[in-house]
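Chemist: Predicted model, plus sequence, below.
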Amino acid sequence: MNAPADLAMLIYTAGTTGPSKGCMISHNYVCNLARQVLVNDNRTADDINWTALPLFHMNATGGSILSSMLVGARVAIFPRFSVSRFWPEIQRSGATIASLLGSMITFLAEAEDNPASKACFGQLRIVRGSPFPAALQQKWRERFGVARAGSNAYGLTEAARVTTLRYDEEGPPGSSGRINDDFDVRIVDADDNEVPAGAAGEVIIRPRRPNVMFEGYWNRPQETLAVMRNLWFHSGDIGRFDEDGYFHFVDRKKDYLRRRGENISSFEVETGFRAHPAIDDVAIHAVPAESGEDDVKATVVLKRGVQLTEEQLCRWAIDRLPYFAVPRYFEFRDDLPRNPVGRVLKYALRGEGCTPGTWDREKAGVNVPRR
């Protein structure tokens, strides 16, 4: 018979900042994650959870399948995400909950109406995913009749949900819950000193209960030790707590940029660019600068049939972004490099740097006024 601490599975990290690592997941960890999902979403036996996420992902394994099993609910597993098939599948399956990630949320929100999407208005009571900016949450509520859209938790493969929000609570826009009874969570500076409310820093975590975090990286003891400094797990994420204790994700530490003395959140700049009606997807990332810091590049996927130049997009950004966050470089592509669940591999884009297809606003003579 298995004990709570026994190894249940290996779940690999997303690999968005480098090679994936196998997280050793105990039976208690995955069961606790399923319990958290039930509490956060108020799931019942009448719910049907639709997911197209792969079964090597914790969202599908613990968040969809096991959590539904605990209350006798059903799960509809679709083999591959498709914008055109999403609403027909929601209609066919009778789904009341949908689990999405990243660009899936944006693609569906921006897709054209079809008979199935109209027929399913109000059918989905919950759509969960990350990132899920406030503007997109509102669009899902208004366009598709979803009662609750957004991310009511922050977590990662190593530590499941470390901040959460109950189904009957409403947090401020852009937040992802508050600290729960399972984890102690702090925001710290580069020397591991805790920073005050409102200040951004690295998210560090430790468990309050046994076996609710990963047991280390499979066959990688040095990597495990490297993230466990001062007896805290260092997430590699930048976040902040507001004055009321709500958590706000800022960026991945490796994706956070510093340009001419200013800190830039790639996540926040991407959110700004996604407001442009011609943009299908975008990645904001660093390229090396002669100053030794970073220059900012926007790698952009345009919607089909849209005509837009890099200079037009740059001038649009100048009117809407802080002057220091306007990218120097722009490049249009048919798609972005992604992992199997659709998350963008920014380390690959950083490694490519500037390519022959990159447009440089400084060479083009486009100036960004300071204001």
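Modeler: Sure thing, it's come through.

Chemist: Chain neighbours aside, what residue packs nearest to residue 148?
Modeler: Sequence neighbours aside, residue 126 is the residue nearest to residue 148 in space, at 4.9 Å (criterion: C-beta to C-beta, 6 or more residues apart in numbering). Backbone N, C-alpha and C define where each C-beta goes, glycine included.

Chemist: so what's the one you found bridging to?
Modeler: Going by DSSP bridges, residue 126 is paired in beta bridges with residue 97, residue 148.

Chemist: That one and residue 132: what is the separation?
Modeler: Taking C-beta to C-beta, to the nearest Å as the measure, residue 126 falls 12 Å from residue 132.

Chemist: Give me the common contacts of those two.
Modeler: Common neighbours of residue 126 and residue 132 (criterion: C-beta atoms under 8 Å, 6 or more residues apart in numbering): residue 149.

Chemist: check contacts around the closest residue to residue 322 other than its chain neighbours.
Modeler: What sits nearest to residue 322 in space, not counting adjacent residues and going by C-beta to C-beta, 6+ apart, is residue 262, at 7.8 Å. Taking C-beta under 8 Å, 6+ apart as the criterion, residue 262 is in contact with 322, 324-325.

Chemist: of the residues you listed, closest to residue 25?
Modeler: Of all the contacts of residue 262, residue 25 sits closest to residue 325, with 37.6 Å by C-beta to C-beta.

Chemist: separation between that closest one and residue 6?
Modeler: 48 Å.

Chemist: can you pull out the helices in this protein?
Modeler: Using DSSP state H, the helices of the chain run over 27-41, 58-60, 67-71, 83-93, 103-110, 115-119, 134-144, 221-226, 266-273, 310-318, 346-352, 361-364.

Chemist: okay, residue 197: pLDDT?
Modeler: Looking at residue 197, its pLDDT reads 96.

Chemist: Surely it is in contact with residue 241?
Modeler: Yes. Assessed by C-beta atoms under 8 Å, residue 197 is found in contact with residue 241 at 5.4 Å.

Chemist: who's more crowded, the two?
Modeler: Between residue 197 and residue 241, counted using other C-beta atoms under 10 Å, residue 241 has the larger neighbour count: 24 against 12.

Chemist: still on that earlier bit, name the member of the contacts of residue 262 with the most neighbours.
Modeler: residue 325 (21 neighbours).

Chemist: where does the chain have low pLDDT?
Modeler: Filtered on pLDDT under 70, the chain yields the residue ranges 15-18, 291-292, 371.

Chemist: let's see 50
Modeler: Within the chain, no stretch has pLDDT under 50.

Chemist: How about the contacts made by the spatially closest residue to residue 284 that is not a sequence neighbour?
Modeler: Leaving aside its sequence neighbours, residue 284 sits nearest to residue 266 (C-beta to C-beta, 6+ apart; 4.1 Å). Residues near residue 266 by C-beta under 8 Å, 6+ apart: 251-252, 255-257, 283-285, 346.

Chemist: State the distance from residue 266 to residue 247.
Modeler: 19 Å.

Chemist: Nearest residue to residue 260 in space, please, no chain neighbours.
Modeler: Of all residues not flanking residue 260 in the chain, residue 324 sits nearest, at 6.3 Å (C-beta to C-beta, 6+ apart).
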